[in-house]
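K.L.:
Sequence and predicted structure, then a few things I'm wondering about:
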Amino acid sequence: MAEHLTKDTFLEKVFNYEQNKEWKYSGDKPCIIDFYADWCGPCKMVAPILEELSKEYDGKLYVYKIDTEAEQELASVFGIRSIPSLLFVPMEGQPQMAMGALPKEVFEKAFKDIFGIEKN
């Protein structure tokens, strides 16, 4: 199940940008973060795909969602200008941003290439 993050839960589970200048992921599994808005058509297309993936990859990665309308500070910290924007966060190294409504196969390939994980 995808988890909705607020600024506070983001600082705790992903990255505390108020205390750290250098990127350091706080999680114990890789994650993908979906920056979306309720009015966004392509975001609505991605939502069920992410729910499916959260079940298929259960225990291997976290699926987070951030409502850019409610969490404008988080959106601006990451320079989100178009939605959906998807942030792939590996355990090591820098996160990678992808934009637009991606098909499921693209997520699966990215999970394999970026995170080194495959479906259960």
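P.N.:
Sure, I can see it. Numbering: from 1, shown residues only.
K.L.:
When you work out contacts or count neighbours from here on, use the C-alpha atoms and nothing else.
P.N.:
Fine.
K.L.:
show me where pLDDT drops low in this structure?
P.N.:
Scanning the chain for pLDDT under 70 picks out nothing.
K.L.:
Do a quick rundown of the strands in it.
P.N.:
Under the criterion DSSP state E, the chain carries strands at the ranges 3-4, 31-36, 62-67, 85-89, 96-99.
K.L.:
neighbouring strands for the first one, and are they parallel or not?
P.N.:
Going back to what we said before, that points to strand 3-4. If you go by DSSP bridges, strand 3-4 pairs up with strand 62-67 (parallel).
K.L.:
what does the partner strand contact?
P.N.:
For strand 62-67, the surrounding residues in contact (C-alpha atoms under 8 Å, 6 or more residues apart in numbering) are 1-6, 29-38, 50, 54.
K.L.:
quick one: it to strand 85-89, angle?
P.N.:
150 degrees (axes from the mean of the first three to the mean of the last three C-alpha atoms, to 10 degrees).
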